[in-house]
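Undergrad: Need the 3D shape of this:
(2 chains)
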Amino acid sequence: MEQDNIENQFRKKLNEREIQPSENAWDRLDAMLTVAEKPKRNFSWMYIAASFLGFILIATVFFSQTEEMVDVERENVVLETKKGELQNSDSKKINPIVDAAEEVVLNNDSNNKVNNAAHKKRASSHLIINNNPNKNIATDPKKEAIAVQDPKLELDNPKVINNQQQLPTDNRQPIAGKSKIKTSYVNVDDLLASVDSPPKKEKLFKNEQKVKVSPDDLLSQVDGELELSFREKVIKSVNKNYKEVKVAIGNRNLKD
Amino acid sequence: MQRFYNQCRLCNRSRLEIRFQSEIKLNKEKLKVINLYQDEKDLIRLAVENNRHAQHLIYTQFSPKMLSICRQYIKDVHQAEDIMITAFMKVFANLKNFEHKGSFEGWIRRIMVNESISFLRVQKKVSFLEDEYYKEDGFNNIESNFSVEDIQALIDSLPDGYRMIFNLYAIEGYKHKEIADMLGINEGTSKSQLSHARKMLQEQINKLKNYSNGTG
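TA: Here you go, the predicted structure:
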């Protein structure tokens, strides 16, 4: 066909043609090849690490926020403690109950979950310090250890008792510890059982008004807190919230 | 040998530096590559291993023809060169996938054509009107012998789309079905585009003839 002829001619001539590329063409190709051969650095792991760090940061901030509120409450706790130190050891058992009841009342007053938890914690730490007015400095860390372990009460009760029994100090400690452990359970139940507690309640109200802050004990408590591991913080806050809920449920029918 | 050194200089080292510092090393490598030139398979294997001299040899061997091919599709020779370089990057990137089943040159050529087509479609936004009308027209005045420059000029006179299809059918030898698959158009569109292209070419040939007849 004619058009085949023409097209054949085109094809033949075009295929034979050669055009020399410019001098820098190979330069550019060489540069591109060099870039391509370089191992490509993968940065995707950075994004994963950054998001992980961000998550940890947020979690830390969150947990430290709850801790701060506890600190404020602890101030109150410490002063109540000092008050308690003057009391007779015989009334130790009553005091914990009173304080715990106080805590319950305070819980009702504040209607704040976090505060409740703080109060609970305060009560327990309060109890510890209360029961050992004559402790020496050497045993302080241990007491604080107990204080730290207290949030884990419901879970570690037997352990806590054992720890306390291992302490080489006065015999009251185990008993006191035991009592203080149990009082945190007993507090709500006692109050509910003893309906004739209005007098106590009034007393509690009075006690409540004397709450003040003691800086030294606050500092010592903060020191103990700073050493808490992340895990302990988590456990503490979980226990705190659990107690809050428990108290709230217990107090649901109480008059404000 | 001299030419080889000229091109090696372009690793940003002066010719003198290369000659006197690594002359021996380069000689050895060059000798090695030249010996392997006889065996295309080994050359390809070296290029796959990123041996720059092997890659360079492949480039010098095939680039003139490949630039000519790109020039068929792209009017501007500098742009055609750009496309050729991009296509060579793809050649070296996919060299490991070359199965030695057909001719090496044919494989490179296909990559060139594909790259040219995608350049025209993407950058130049060449598109095809779906148009099924065509009729078979023969070329007239076929006795004359065209020079290759004339031929290129004739082809350049076509619009990008017509030229592309004309090249694929008449120069590369693809069938309408294959062209339709490559470009994502109907087979009928391919046929009609081709007939439009031929018609235009015919007009241009006539013009050329009349012009040359007029002056000759």
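
Undergrad: Identify, by residue count, the longest helix of chain B.
TA: helix B:187-215 (DSSP state H).

Undergrad: Can you point out the buried residues in that helix?
TA: B:189-198, B:200-202, B:204-205, B:208 (16 or more other CB atoms under 10 Å in any protein chain shown). Backbone N, C-alpha and C define where each C-beta goes, glycine included.

Undergrad: and the two most separated of the residues you listed?
TA: Across these, the longest distance by CB to CB is 28.2 Å; it joins B:T189 and B:L208.

Undergrad: quick one: average pLDDT of stretch B:80-93?
TA: Confidence for stretch B:80-93, expressed as mean pLDDT, is 94.

Undergrad: of the buried residues of helix B:187-215, closest to chain A?
TA: B:R198 (6.3 Å; CB to the nearest CB).

Undergrad: Show me the shaky parts of chain A.
TA: Applying pLDDT under 70 to chain A picks out residues A:1-2, A:67-188, A:191, A:194-210, A:224-227, A:256.

Undergrad: what residues does it put near chain B?
TA: Residues of chain A lying close to chain B (CB under 8 Å from any CB of the partner chain) are A:1-3, A:5-7, A:9-11, A:13-22, A:25-30, A:32-33, A:36-37.

Undergrad: List phi and psi for B:I185.
TA: phi -120, psi 180 (degrees, to the nearest 10).

Undergrad: can you pull the contacts of it?
TA: B:I185 sits next to B:F128, B:E130, B:I179 when contact means CB atoms under 8 Å, 6 or more residues apart in numbering or on different chains.

Undergrad: Neighbour count says what about those residues? Which are buried?
TA: Neighbour counting by 16+ other CB under 10 Å classes B:F128, B:I179 among these as buried.

Undergrad: TSV for the contacts of B:I185, including distance to B:I171, pLDDT and secondary structure?
TA: Shown next, in TSV, are those (distance: CB to CB, whole Å; pLDDT from 0 to 100; DSSP: H, G, I helix; E, B strand; the rest coil):
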residue	distance to B:I171	pLDDT	secondary structure
B:F128	18	81	coil
B:E130	24	75	coil
B:I179	12	93	helix
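
Undergrad: Nearest to B:K65 among the contacts of B:I185?
TA: Checking the contacts of B:I185 one by one against B:K65 (CB to CB), the nearest turns out to be B:I179, at 21.9 Å.

Undergrad: Drop anything exposed from the residues of chain A next to chain B.
TA: Listed as buried from the residues of chain A next to chain B are A:3, A:6-7, A:9-11, A:13-15, A:17, A:19, A:21, A:25-26, A:28-30, A:33; burial here means 16+ other CB under 10 Å.

Undergrad: so B:Y134, which of the three states?
TA: Three-state call for B:Y134 (DSSP: H, G, I helix; E, B strand; the rest coil): coil.

Undergrad: you'd agree it is up against B:K199?
TA: No - with contact defined as CB atoms under 8 Å, B:Y134 does not reach B:K199; the gap is 9.6 Å.

Undergrad: hmm, back to that, out of the contacts of B:I185, which is nearest to chain A?
TA: Using CB to the nearest CB, B:I179 comes nearest to chain A of the contacts of B:I185, at 14.5 Å.

Undergrad: List phi and psi for B:I165.
TA: Phi and psi for B:I165, reported as degrees, to the nearest 10, are phi -70, psi -40.
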